[in-house]
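>>> got a structure for you, letters missing:
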């Protein structure tokens, strides 16, 4: 994470310095278009693109961390491992095993993928889940699907 923050900070500092250079170059050329102002503007454009790339990378990192935290919280809540910790309220739902939660999560992911690919056969997909997301026969609700 420190590398991403440093990269973003460096890209920002270079972009600001480049913008200042454009202003100084324009001022020194009496606001006339010269080769120096063109070069300064081109450099500013490059620094802007680098800054945008750094912002995109930081945003991707933040999104991945948000998903990871959300997944961990979901597993904690579903498996009941948070019950009694730090005064949190129970949802009243019976806890399920982490393995079971993983199986259901995979099945939902495959349904989403099939829907995104336009299969239009979501009902059929539920009837025969993808082989990498097998259901445990010990759970009667799986047999109903």
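Noted; the coordinates are in hand. Quick caveat, the model's predicted, so the values are computed rather than measured.
>>> sec struct for residue 30, please.
What DSSP: H, G, I helix; E, B strand; the rest coil gives for residue 30 is coil.
>>> What separation is there between it and residue 59?
For residue 30, the distance to residue 59 equals 41 Å [C-beta to C-beta, to the nearest Å]. Any C-beta I mention is one placed from the backbone N, CA and C, and that applies to glycine too.
>>> which one of the two has more residues nearby?
Remark: of residue 30 and residue 59, residue 59 carries more neighbours, 12 against 7, as counted by other C-beta atoms under 10 Å.
>>> could you say what helices and strands whatever helix or strand the more buried one lives in packs with?
Here residue 59 sits within helix 35-79, counting by DSSP states H and E. Under the contact criterion of 3 or more C-beta pairs under 8 Å, 6 or more residues apart in numbering; DSSP states H and E, helix 35-79 touches helix 2-28, helix 98-116.
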